[in-house]
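Peer 1: task: produce atomic coordinates for the following.
(one chain, ligands or ions: 2)
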Amino acid sequence: MNLHEYQAKALFREYGVDTPRGILAHSADEAVAAAQELGGSVWVVKAQVHAGGRGKAGGVKVAKSLDEVRQYASQMIGSTLKTKQTGDVGLPINMVLIEEGLNIVGELYVSAVVDRASRRVSFITSAEGGMDIEEVAEKSPEKIHSVGVNPSAGYFPYIGRRLGFAMGLDKKQVGQLATLLQGLYNLFVEKDLSMVEINPLIITGDGKLLALDAKIGID
Ligand code: ADP
Ligand code: MG
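Peer 2: Ligands and ions are numbered 1, 2, ... in the order given. Got it, this is the predicted structure:
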C-alpha cells in the first residue's frame, strides 16, 4: 500500500524530517483558503495521486497569485492525471496539496528500502535529485551511494555523514542529513515500511534540507 504525498509528509514531520508547509484541499475554494492561510506570494498546487512523474504531466503547478491557485486547483480536481507511472487510463485527482513555493538551490535523492537477503534497511542517496533515479543508476551508477544499517546495532550518524560527504554536501548540510536519516530510520522501523523515497530532498536558499516530495510504501 502506498500513502499519498500529504500523508507521507505528515509522518515525516512526526519523525523530525522537515517538509514545506502545506494544506490539503478538496475544492478550488479550499485551495484558495489554504494559500491565504499559508501566506506568502508563491504557492505550489500538487495533485494527490499514487504516482510519481506528476511535474512533467501537469500535476504540479507553481502559482504566483491566488487566481492562479484557483485556476490550477479547479483544473486538477475532478480530472485524471496520466504520468509515466500511471498507464494510459490515468488516475483521478480528488484533492490537491497547496504548499508554500520554495527557493530551491539543490536537489538530492534519498530513499530507504529493505534488502530482503540481508534483512537490512539500506539507504540509497544521490546528488542527482529530481531525476528519474533508474536512469541515473543505469547511466552513471557511480553517482549512487548506498549503506546498509546493521539491524542489531541500529542507525549511527556516521552513516548519514558518509552518504552526505559522498554527495559532496558541505559540513553543515552533512550534519543535517545525518539527523534527517535518523528520523527516517526510526519512521521506517517503527511503522514497518517497505520503502520510503524523497525525490527531491532540496537544499533551500538558506541552506536547509527539506523533503519536497514524499513516497511511502507500507506492507
Ligand atoms: P513528481 O516527482 O511527482 O513530479 P515533485 O513533488 O517531485 O513531484 O515535484 C516536481 C517538481 O516541482 C520538483 O522537482 C520541484 O522542482 C517542483 N516543486 C514541487 N514542490 C515545490 C515547492 N513546494 N516549492 C517549489 N517547487 C516545488
Ligand atoms: Mg518527485
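
Peer 1: for residue 84, see how far away the residue of the chain found nearest ligand 2 is.
Peer 2: Residue nearest to ligand 2 within the chain: residue 213 (3.4 Å; CB to the ion). Heads up, the C-betas are built off the backbone N, CA and C, glycines and all. The gap separating residue 213 from residue 84 is 15 Å, by CB to CB, to the nearest Å.

Peer 1: the two - which one has more neighbours?
Peer 2: Neighbour count, other CB atoms under 10 Å: between residue 213 and residue 84, residue 213 has more, with 24 against 12.

Peer 1: nearest residue to the more buried one other than its sequence neighbours?
Peer 2: residue 199 (5.5 Å; CB to CB, 6 or more residues apart in numbering).

Peer 1: that neighbour looks like it's in a strand, true?
Peer 2: Yes - the assignment for residue 199 by DSSP: H, G, I helix; E, B strand; the rest coil puts it in a strand.

Peer 1: quick one: the helices in the chain?
Peer 2: Assigned by DSSP state H, the chain shows helices spanning 5-14, 28-38, 66-76, 133-139, 157-166, 171-190.

Peer 1: where does the residue of the chain most remote from its centre fall, phi/psi-wise?
Peer 2: In the chain, the greatest distance from the average C-alpha position (CA atoms, centre = their mean) is reached by residue 152, at 28.1 Å. Residue 152 adopts backbone torsions of phi -80, psi -30, taken as degrees, to the nearest 10.

Peer 1: distance of it from ligand 1?
Peer 2: Residue 152 sits 35 Å away from ligand 1, going by CB to the nearest ligand atom, to the nearest Å.

Peer 1: could you do residue 19 as well?
Peer 2: For residue 19, the distance to ligand 1 - CB to the nearest ligand atom - is 9 Å.

Peer 1: that residue contacts residue 12, doesn't it?
Peer 2: Yes - taking contacts as CB atoms under 8 Å, residue 19 lies within contact range of residue 12: 5.4 Å.

Peer 1: which neighbours do these two share?
Peer 2: Common neighbours of residue 19 and residue 12, counting by CB atoms under 8 Å, 6 or more residues apart in numbering, are 211, 214.

Peer 1: what parts of this structure come near ligand 1?
Peer 2: Residues of the chain lying near ligand 1 by CB under 6 Å from any ligand atom: 20, 44, 52-55, 60, 99, 101-102, 104, 130, 200, 212-213.

Peer 1: what about 5 Å?
Peer 2: 20, 44, 52, 54, 55, 60, 99, 101, 102, 130, 212, 213 (CB under 5 Å from any ligand atom).

Peer 1: and the pLDDT at the third one?
Peer 2: Residue-level confidence at residue 52 comes out at 92, pLDDT.

Peer 1: what is the neighbour count of residue 195?
Peer 2: Residues near residue 195, counting by other CB under 10 Å: 16.

Peer 1: residues contacting it?
Peer 2: When contacts are counted by CB under 8 Å, 6+ apart, residue 195 touches 111, 112, 113, 114, 215, 216, 217.

Peer 1: what subset of the residues you listed is buried?
Peer 2: Neighbour counting by 16 or more other CB atoms under 10 Å classes 111, 112, 113, 114, 215, 216 among the contacts of residue 195 as buried.

Peer 1: the fourth one reaches residue 120, doesn't it?
Peer 2: I take that to be residue 114. Yes - if you go by CB under 8 Å, residue 114 and residue 120 touch, sitting 7.3 Å apart.
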